[in-house]
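# sharing a sequence plus its predicted fold:
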Amino acid sequence: MKQPVRVAVTGAAGAISYTILFKIAAGELLGSDQPVILQLVEIPPAMGALEGVVMELIDCAYPLVAGIQTADNPEDGFKDADIAFLIGAKPRGPGMERADLLMGNAQIFSRQGKALNDNAAKGVKVLVVGNPANTNALIAARNAPDLDPRQFTAMTRLDHNRAVGILADKVGAQASDVEGAIVWGNHSPTQYPDLHGCTVAGKPALDLIDRDYYEGTYIPQVAKRGAAIIDARGASSAASAAQAAINHIHDWVLGTHGKTVSMSVPSDGAYGIAPGVIYSFPVVCEGGDYKIVHGVEISEFSRGLMTHTDDELRSEKAAVETLLLAETEAAV
Ligand code: NAD
Ligand code: LMR
């Protein structure tokens, strides 16, 4: 029997967790032979609700669950964690943009970055789901000086899955026929779903849809899908977000076997993107690591959209830097 892997999840009493915890416990994250210890983190007022989730996890009698721990603070919750899903944050309501959430969440993620630095396993793999996910991941990474910034990633796998699913639905194919879709940039409406290298059952995707549909309908539909779901459901996407978070960590740990997926990772300057921002790139994963795919052809059209979303990330970074500086000054 393998040693259990410790998986920490924040926002453990929330909507996304109500799907993801049961998937992790069932073996969908790390495989059907890998035991897990669940470390569930919430804020004090939600600990009662969390107890209910724990009761349900116990009642599933999952064979792979080697322990369930709860904590009302990240310092205890992240102890020795090998994987951390940072889901807990304030979700966006109708009419709100992610930028509105930037400041409140900056405080949450600076504390969580420090807590990971001081308590988690040295090789911890971190996925930030809570919005604005890319900039929250940057804040957490900045607060973890003993960890490699590459250990901090943000979720654009949901956008990637949307790009695949919506295209497959449009052309009457199965999602498994679609290869080579890329989501560039921020998990926000400025993201750029790029189909230039994408194929559907071996045929170029852009030969199967017309250009006006691609530019005028498809790109905004993928990029604004989160808002459309909030409008329709009155709550943000939860099951599809949980599925994408599972896909992201599963592939990072177990590999993509040559397939390209989209992950928001620290830019190393690839494709001219500002070094340091956490930007969604095409990646392949192997041996527990990810690698940005180089050599994707970038048209003038693509360049414009890639720069636009990079600009947004740079301005989020600048806004947060001012906030963190103000906090430091207030503390002295
Ligand atoms: P939710 O409101 O149902 O649950 C959030 C939970 O987080 C709550 O139980 C709350 O008590 C908890 N929480 C808040 N602050 C916390 C903290 N500091 N530490 C630990 N727990 C904390 O929200 P949800 O639907 O589960 O969504 C969670 C986040 O994920 C939101 O920010 C949402 O916008 C974001 N999201 C991101 C994506 C993506 O693709 N990146 C997709 C969907 C949702
Ligand atoms: C999503 O993309 O569904 C989430 O990020 C929720 C949102 O605010 O759009």
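Noted; the coordinates are in hand. Ligands and ions are numbered 1, 2, ... in the order given.
# next structured bit after the host helix or strand of Ala140?
Ala140 belongs to helix 133-142 when assigned by DSSP states H and E. Next in sequence after helix 133-142, counting helices and strands by DSSP H and E, comes strand 152-154.
# flag every buried residue along that following strand.
For strand 152-154, the neighbour count (16 or more other Cβ atoms under 10 Å) marks 152-154 as buried. Every residue, glycine included, has its C-beta placed from N, CA and C.
# give the rounded mean pLDDT of it.
Averaged across strand 152-154, pLDDT comes to 98.
# got it, and stretch 53-63?
98.
# does ligand 1 sit close to that stretch?
No. Stretch 53-63 lies out of reach of ligand 1 by Cβ under 6 Å from any ligand atom, never closer than 9.6 Å.
# buried residues, that stretch. List them.
53-54, 57, 62.
# now swap in stretch 14-26 and tell me
Buried residues in stretch 14-26, defined by neighbour count with 16+ other Cβ under 10 Å: 14-25.
# also stretch 252-263?
Buried residues in stretch 252-263 (16+ other Cβ under 10 Å): 252-256, 260-263.
# and those, which is closest to Ala141?
Relative to Ala141, the closest of those is Met263; by Cβ to Cβ it sits at 14.2 Å.
# so how many other residues sit close to the spatially closest residue to the closest one that is not a sequence neighbour?
Spatial nearest neighbour of Met263, chain neighbours left out: Val283 (4.8 Å); criterion: Cβ to Cβ, 6 or more residues apart in numbering. By the criterion of other Cβ atoms under 10 Å, Val283 has 21 neighbours.
# residue in this structure nearest to ligand 1?
Ligand 1 sits closest to Gly14 of the chain, with a gap of 2.0 Å, by Cβ to the nearest ligand atom.
# mind checking how far that residue is from Ile58?
19 Å (Cβ to Cβ, to the nearest Å).
# go on, Phe109?
30 Å.
# which SS class is the residue of the chain found nearest ligand 2?
The nearest approach of the chain to ligand 2 comes at Gly226, 2.1 Å away (Cβ to the nearest ligand atom). Under DSSP: H, G, I helix; E, B strand; the rest coil, the three-state class of Gly226 is helix.
# just Gln39 next, same as before
The three-state label given to Gln39 by three-state DSSP is strand.
# okay, it: pLDDT?
On pLDDT, Gln39 comes in at 99.
# what about it, neighbour count?
Using other Cβ under 10 Å, Gln39 has 26 other residues around it.
# can you pull the contacts of the closest residue to it other than its chain neighbours?
Spatially, and ignoring its direct neighbours in sequence, Gln39 is nearest to Ala8 (4.2 Å; Cβ to Cβ, 6+ apart). Residues in contact with Ala8 (Cβ atoms under 8 Å, 6 or more residues apart in numbering) are 39-41, 77-78, 81, 83-85, 120.
# how about the strands in the chain?
Using DSSP state E, the strands found in the chain span residues 5-10, 36-41, 65-71, 83-86, 125-128, 152-154, 178-179, 182-184, 192-194, 199-200, 203-204, 261-266, 278-286, 289-292.
# listing partners with orientation, what would you give for the fourth one?
This points to strand 83-86. Strand 83-86 has the following strand partners under DSSP bridges: strand 5-10 (parallel), strand 125-128 (parallel).
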